[in-house]
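Colleague: Attaching a predicted model along with its sequence, questions to come.
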Amino acid sequence: QVQLVESGGGLVQPGGSLRLSCAASGSIFSINAMGWYRQAPGKQRELLATITSGGRATYADSVKGRFTISRDNAKNTGYLQMNSLKPEDTAVYYCNAEITQIGDIWRTRAYWGQGTQVTVSS
């Protein structure tokens, strides 16, 4: 069994910062790419950033220069540092990871966390 658990969401004022964490646990052999998404009410889920196991990152234009994705492979944890937050960043944020499990190393599956709410408001 594999679980992804996000944390770090909350209420922040415009211009503020938050750091989200995504901890993977269970029978993990390896974690390939990790990504962060968000979904605002009435909108489709949006890909924000991805990072490879080697640390190469990509960003959506909407967050480039404000958000930074990173990971700690030793801890099986990914992070999303969010700076200069705007009200339009309000959404539920989800992490996604491509994980190979111990005992099933020929298959990689995508796992999702449960989501964490981020609200940007004064």
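Modeller: That came in fine, so what should we check first? All values reported here derive from a predicted model rather than from experimental measurement. Numbering: from 1, shown residues only.
Colleague: worst-scoring helix or strand of this structure, pLDDT-wise?
Modeller: strand 104-112 (a mean of 94; mean pLDDT, DSSP states H and E).
Colleague: Can I get that strand in CSV? Just the C-alpha atoms.
Modeller: Taking C-alpha atoms only, strand 104-112 is exported to CSV below (Å, rounded to 0.1, in the frame of the first residue of the first chain):
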residue,chain,number,x,y,z
ASP,A,104,6.0,-5.0,-8.3
ILE,A,105,9.0,-3.2,-9.7
TRP,A,106,8.0,-3.6,-13.3
ARG,A,107,5.0,-1.3,-13.0
THR,A,108,4.8,2.4,-12.1
ARG,A,109,1.5,3.8,-10.9
ALA,A,110,0.3,7.3,-10.3
TYR,A,111,-0.9,8.1,-6.8
TRP,A,112,-2.8,11.2,-5.6
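Colleague: And the next helix or strand past it?
Modeller: Downstream of strand 104-112, the next assigned helix or strand under DSSP states H and E is strand 116-120.
Colleague: pLDDT on that following strand, on average?
Modeller: Mean pLDDT, strand 116-120: 98.
Colleague: partner strands of it, parallel or antiparallel?
Modeller: The pairing partners recorded for strand 116-120 under DSSP bridges are strand 10-12 (parallel), strand 91-101 (antiparallel).
Colleague: Show me which residues of that strand are buried.
Modeller: Residues of strand 116-120 classed as buried by neighbour count (16 or more other C-beta atoms under 10 Å): 116, 118, 120. Just so you know, the C-beta spots here come from the backbone N, C-alpha and C atoms, and that holds for glycine as well.
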